[in-house]
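[1] Provide a 3D model corresponding to the input given below.
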Amino acid sequence: MREYGRRALRGLPRPVAAVVGGGGVLGAAQVGVGYALEQHGFAPDLIVGTSVGALNGAIAAGHPGSAAPWLDHVWTRARRREVFPLDFRPSRTSLCADRGLRRLIARAGLPSRIEQLAVPFTAVAMDLDAGAEVLLDHGDLESALLASAAVPGVLPPVVRGGRTLVDGGVIAYVPVRAARQAGAASVVVLSTGPQSRPPFPTVPRPRAGAIAARAALLMLHRQVERDLHEVAAHIPTVVVPTGIEAWPAPWDFGHSERLIGVASRTAGRFLDRLHVRGPGLYRADDPPQRRCDAPAQRREVGQ
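    Below is the predicted model:
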């Protein structure tokens, strides 16, 4: 079955882009999907990432074919206080300092400039002044990754090229449009988090935090669906499932091992049965829109 999936991935129109979305600690699931893709021989021609997906994507671009084990080691050992250290300066622009991310980037064995990566790479950020999507595909790599991951209010904005940049997930949570703009003829999406699937119908608890969280989830889901369908109308768009229903809070690193394991197994089964027949949206978690031969995968929890 794996060879069937290998043929499907090799048959995607070139150039093919790996698109890596946002989601904080939920990016651990991307590592599981990365394992499955590496085991199926997937080799993207370019990688486009937003937020934590930019960090994961840059490491994949710097270490093609062998990034998943390294990222597994990082994610399963990361702790909130190391990645998001609180910033107590009186003039702070964010709750947390970015020194934790800087250390992580420094340990990744990456070159100093984006164009030196082995696979062409683009990090997506947002211009805080203009509200426009900014594609960072050349120049200093560290500042590009810090900008793409600069969650407003949580991590500090990055000034680059005279622009003040923040987290690209605000405007492109799953940056498939950026991948098509970069010339991709097909895309494989490493999707993460509850934003990437239809939200369960529910009324949130009558609490400010619950209402705000529900509204944000619906807003991001609408953005993701709009972008996926726009791109899928023109090129094959494969969204690899994670199989995860019980998502932790975006800052809770204690679930990384579970996320990696479940996503790896679910993505592997999906890829084993993948069959692409031209432009369209191929995914297992949305049967009415799905254009692949695989039945909808059973989601696993806690394995």
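[2] so residue 264 makes contact with residue 35?
    Yes - Residue 264 is within contact range of residue 35, at 4.4 Å (criterion: C-beta atoms under 8 Å). C-beta: built from backbone N, CA, C; applies to glycine.
[3] Toward the C-terminus from the helix or strand harbouring residue 54, list the very next helix or strand.
    Per DSSP states H and E, residue 54 falls inside helix 52-62. Proceeding N to C from helix 52-62, the next assigned helix or strand is helix 67-77, under DSSP H and E.
[4] Kindly calculate the angle that that next one makes with helix 52-62.
    Counting by axes from the mean of the first three to the mean of the last three C-alpha atoms, to 10 degrees, helix 67-77 points 140 degrees away from the direction of helix 52-62.
[5] Sheet-wise, list the partners of whichever strand in the chain runs longest with their directions.
    The residue-count maximum for a strand in the chain (DSSP state E) belongs to strand 121-127. Partners of strand 121-127 in the sheet, by DSSP bridges, are strand 46-50 (parallel), strand 133-136 (antiparallel), strand 163-167 (antiparallel).
[6] Would you mind writing the CA trace of the second one as CSV?
    Presented in CSV, the C-alpha positions along strand 133-136 are these (Å, rounded to 0.1, in the frame of the first residue of the first chain):
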residue,chain,number,x,y,z
GLU,A,133,0.5,39.4,3.5
VAL,A,134,4.3,39.5,3.3
LEU,A,135,6.3,36.7,1.7
LEU,A,136,9.8,36.3,3.0
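[7] how distant is it from the center of its chain?
    Averaged C-alpha coordinates place strand 133-136 at 15 Å from its chain's average position (C-alpha atoms, centre = their mean, to the nearest Å).
[8] before we move on, what about the last one?
    What separates the centre of strand 163-167 from the centre of its chain is 18 Å, taken as C-alpha atoms, centre = their mean.
[9] so of the strands paired with strand 121-127, which one's packed in deepest?
    For these, the largest average neighbour count (mean count of other C-beta atoms under 10 Å) is found in strand 46-50, namely a mean of 30.
[10] By mean pLDDT, which helix or strand of the chain comes out lowest?
    Lowest mean confidence among the helices and strands of the chain (mean pLDDT, DSSP states H and E): helix 80-83, at a mean of 67.
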